[in-house]
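Enquirer: Please work out how this folds:
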Amino acid sequence: MKLFIAVLALLISTSLRAGSFVDQAKKGSSSALNENEINKRKSKKEERDGRNKLSMRRIKPTSGSSDWNTDPTAIPFMLYQVKERTGLPIYINNDGLDVGSDDIFEESIIYLTSHHAWAFNEKESNNLQIWLKRGGTLLLDDCYNKGSSFSDSVQPEVGKMIPGASGTILLKTDHIVSDVFKMVYDTDWPGESLEAMRPWQYFMLDDRPAVFFTPNDDGCGWEISTPPSASNPLGEGIGHGGDNRARERFYMWATNWMMYVYCH
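Expert: Numbering: from 1, shown residues only. Reported below is the predicted structural model:
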């Protein structure tokens, strides 16, 4: 993990010499990969090498009725947007990750979403506990966006991985996470306007936020339902009304958060 952070710092330094994150973001925030392009990338041997690249894998729990593979275009298009906005390389693997296996130790960031309650068995929880202690970061995303059994599962399941941990509301005034939504863009924060959005939470482990929870269905804000076109270069959005202006906010938040996790 330390070696990866060092390499990432070098990549960021190189990117900054070519132009700031913000400058690059202004140039490349309105395009996305279509399904064929993603498949072509996955077919190339070099694209299957995730070393020294930004990535996020989705979790496939082995128990329960979690629809973990909902929003299938969310992670690929979010990562592509991060690449366009930062100039940093990405690696896309949208297959479900078994966190009870050793494969988890090849990942820096993992992601779980569902409309339903979820749970990890003892082996998965123990593996996740070790992985988090080694520097991994887990993002939990309630796909229902209205408060659901997914949200109800967060505290007890995170408690298995981080005994005694409790969620802290992620606020702009919190010095621990003061940079999390300012890394590339200085945006409003999820939950800053409580009438429209609900705030994120984070769980601490060894003096760092190791688990983040968003109740706002961010993945639905990243995904697309149709390939991009000349008149709609981002592609048609599915969630949150399909408004590209609203989706732009989700992409900016995701870019900020990814940079925060890899740089802290």
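
Enquirer: Quickly run through the sheet partners of the helix or strand containing Thr113, with directions.
Expert: Using DSSP states H and E, Thr113 maps to strand 109-114. Note on strand 109-114: by DSSP bridges, its sheet partners are strand 57-58 (parallel), strand 137-142 (parallel).

Enquirer: Tell me the helices and strands packed up against the helix or strand following the first one.
Expert: Stepping forward along the backbone from strand 57-58, the first helix or strand reached (DSSP H and E) is helix 74-86. Of the remaining helices and strands, those touching helix 74-86 by 3 or more C-beta pairs under 8 Å, 6 or more residues apart in numbering; DSSP states H and E are helix 21-27, helix 218-222, helix 244-263. (Glycine included, C-beta is placed from N, CA and C.)

Enquirer: before we move on, the earlier item: the strand holding Thr113 vs helix 244-263, what angle?
Expert: Using axes from the mean of the first three to the mean of the last three C-alpha atoms, to 10 degrees, the inter-axis angle of strand 109-114 relative to helix 244-263 is 140 degrees.

Enquirer: what sits up against strand 109-114?
Expert: The list of residues contacting strand 109-114 from outside it, by C-beta atoms under 8 Å, 6 or more residues apart in numbering, reads 55-59, 61, 66-68, 70-71, 74-75, 97, 99, 104, 118, 136-143, 150, 217, 219, 258, 261.

Enquirer: Report the buried members of those residues.
Expert: 55-59, 61, 66, 68, 70-71, 74-75, 97, 99, 104, 118, 136-143, 150, 217, 219, 258, 261 (16 or more other C-beta atoms under 10 Å).

Enquirer: ok so, going back, can you tell me which of the strands paired with strand 109-114 comes nearest to Tyr202?
Expert: With C-beta to C-beta, the closest approach to Tyr202 among the strands paired with strand 109-114 belongs to strand 137-142: 9.8 Å.

Enquirer: what angle separates that closest one from helix 74-86?
Expert: Using the same axes, to 10 degrees: strand 137-142 against helix 74-86 is 120 degrees.

Enquirer: what does strand 137-142 rub up against?
Expert: In contact with strand 137-142 (C-beta under 8 Å, 6+ apart) are residues 56, 108-113, 128, 132, 148, 150-151, 154, 158, 161, 209-219, 257, 261.

Enquirer: Pull out the buried positions in the next helix or strand after it.
Expert: Next along the chain after strand 137-142, taking DSSP H and E as the criterion, comes helix 149-161. Across helix 149-161, burial judged by 16+ other C-beta under 10 Å covers 150-151, 153-154, 157-158, 160-161.

Enquirer: The closest residue to Gln155 other than its chain neighbours: neighbouring residues, count only.
Expert: The shortest distance from Gln155 to any residue other than its chain neighbours is 6.4 Å, reached at Gly167 (C-beta to C-beta, 6 or more residues apart in numbering). Residue crowding around Gly167 was assessed by other C-beta atoms under 10 Å; the count is 16.

Enquirer: Make 504 the first number, not 1, from now on.
Expert: In the new numbering, first residue 504, that becomes Gly670.

Enquirer: ok, Gly670 to Trp756 distance?
Expert: Gly670 is 18 Å from Trp756, where distance means C-beta to C-beta, to the nearest Å.

Enquirer: For Gln584, which non-adjacent residue is spatially closest?
Expert: Tyr754 is the one closest to Gln584 (C-beta to C-beta, 6+ apart), at 4.4 Å.

Enquirer: Arg560 now?
Expert: Spatial nearest neighbour of Arg560, chain neighbours left out: Leu600 (4.4 Å); criterion: C-beta to C-beta, 6+ apart.

Enquirer: Run through the residues that contact the one you found.
Expert: Residues in contact with Leu600 (C-beta under 8 Å, 6+ apart) are 560-563, 606-607, 610, 613.

Enquirer: Now with 10 Å, please.
Expert: 560-564, 571, 606-607, 609-610, 613-615 (C-beta atoms under 10 Å, 6 or more residues apart in numbering).

Enquirer: Going by distance to Met707, which of these wins?
Expert: Ile613 (17.8 Å).

Enquirer: Against Glu751, how distant is that closest one?
Expert: Using C-beta to C-beta, one gets 25 Å for the distance from Ile613 to Glu751.

Enquirer: Give me the more crowded residue out of these two.
Expert: Ile613 (21 against 17).
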